[in-house]
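# Okay, sequence plus prediction incoming.
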Amino acid sequence: MHGTRRLIVLSGPSGVGKSTVVADLRRRHPEVWLSVSATTRRPRPGETDGVEYHFTDGDQFDKLVASDELLEWAEFAGNRYGTPRQPVLERLDADVPTLLEIDLQGARQVRQAMPEARLVFLAPPSWDELVRRLVGRGTESPEVIERRLAAAKVELAAESEFDMTLVNTSVEDVVRELLALMNVS
Ligand SMILES: Nc1ncnc2c1ncn2[C@@H]1O[C@H](COP(=O)(O)OP(=O)(O)OP(=O)(O)O)[C@@H](O)[C@H]1O
Ligand SMILES: Nc1nc2c(ncn2[C@@H]2O[C@H](COP(=O)(O)O)[C@@H](O)[C@H]2O)c(=O)[nH]1
């Protein structure tokens, strides 16, 4: 039995601020471990293979799926993303506070596989603010932004499936609440 109570799944619509919150949390508490996902998405400027993601091509991703190396995986806005299983199990075995930053479909799969994991939904203060953040980040084309906003509507409608919601008005407040949930001080 792995210590799945130490597992926090952070989901929420694209652009809400998940990566920003997690980066701030880990700056303050590097002992919290963040899973590095595999993805078929191309790196954005400044992203490094093995740091933000393990960047793979479609064939490599197929192999990860076929060999059952992913705890969960999903297609999101035209790319595939998945959580390598073994590193997560190793951290949970060692009782390390562990974070997954994944989409709704992935969160649902983790809930099935590890019912004790805590699922946190990060919500925007408003729809307009979500659009402002996603567009303002400047990393996606207008077409991809449209796909992500369509997915955001589905994700926002599923908020009640999560154990708790945190509204990302202030990064500092969200980080404080997540640390309390993880019992990290
Ligand atoms: N509390 C906040 N107030 C204002 N801006 C914020 C806040 N949190 C994040 N942002 C900004 O919103 C933008 C999107 O944030 P971020 O990339 O962290 O979102 P994300 O949820 O990880 O998105 P994705 O799912 O697409 O990877 C960034 O430009 C970030 O600086
Ligand atoms: N189901 C999974 N979703 C994941 C994983 N890693 C990231 N994500 C989610 O994908 C979208 C888009 O991310 P981006 O980096 O391209 O902006 C976002 O919601 C992430 O949380 C994963 O391993 N599994």
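Received it, and whenever you're ready, just let me know what you need. Ligands and ions are numbered 1, 2, ... in the order given.
# what ranges do the strands span in this structure?
7-11, 33-34, 37-39, 53-55, 70-76, 79-84, 98-101, 118-123, 164-167 (DSSP state E).
# mind putting those strands in TSV, mean pLDDT, mean neighbour count and distance to ligand 2 included?
Backbone N, C-alpha and C define where each C-beta goes, glycine included. Shown next, in TSV, are the strands of the chain (pLDDT from 0 to 100; neighbours: other C-beta atoms under 10 Å; distance: least, C-beta to the nearest ligand atom, whole Å):
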stretch	mean pLDDT	mean neighbour count	distance to ligand 2
strand 7-11	98	24	7
strand 33-34	98	18	10
strand 37-39	98	20	3
strand 53-55	98	17	7
strand 70-76	98	20	4
strand 79-84	98	20	3
strand 98-101	98	23	5
strand 118-123	98	21	10
strand 164-167	98	15	15
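# Make JSON lines out of the ones you listed and add distance to residue 175.
JSON lines is the format used below for the strands of the chain (distance: least, C-beta to C-beta, whole Å):
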{"stretch": "strand 7-11", "distance to residue 175": "11"}
{"stretch": "strand 33-34", "distance to residue 175": "13"}
{"stretch": "strand 37-39", "distance to residue 175": "21"}
{"stretch": "strand 53-55", "distance to residue 175": "22"}
{"stretch": "strand 70-76", "distance to residue 175": "24"}
{"stretch": "strand 79-84", "distance to residue 175": "22"}
{"stretch": "strand 98-101", "distance to residue 175": "12"}
{"stretch": "strand 118-123", "distance to residue 175": "11"}
{"stretch": "strand 164-167", "distance to residue 175": "10"}
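# Minimum distance to residue 144: which of those has it?
Relative to residue 144, the nearest member of the strands of the chain by C-beta to C-beta is strand 79-84, separated by 9.5 Å.
# The closest one packs against which elements?
In terms of contacts (3 or more C-beta pairs under 8 Å, 6 or more residues apart in numbering; DSSP states H and E), strand 79-84 is packed against strand 37-39, helix 58-66, strand 70-76, helix 104-113.
# Can you add distance to ligand 1 and give these back as TSV?
Shown next, in TSV, are those (distance: least, C-beta to the nearest ligand atom, whole Å):
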stretch	distance to ligand 1
strand 37-39	11
helix 58-66	18
strand 70-76	8
helix 104-113	11
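# could I get those as CSV with distance to residue 180?
Listed next are the helices and strands packed on strand 79-84 as CSV, based on distance: least, C-beta to C-beta, whole Å:
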stretch, distance to residue 180
strand 37-39, 25
helix 58-66, 34
strand 70-76, 25
helix 104-113, 20
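# Residue 134: which of the ones you listed is closest?
strand 70-76 (13.6 Å).
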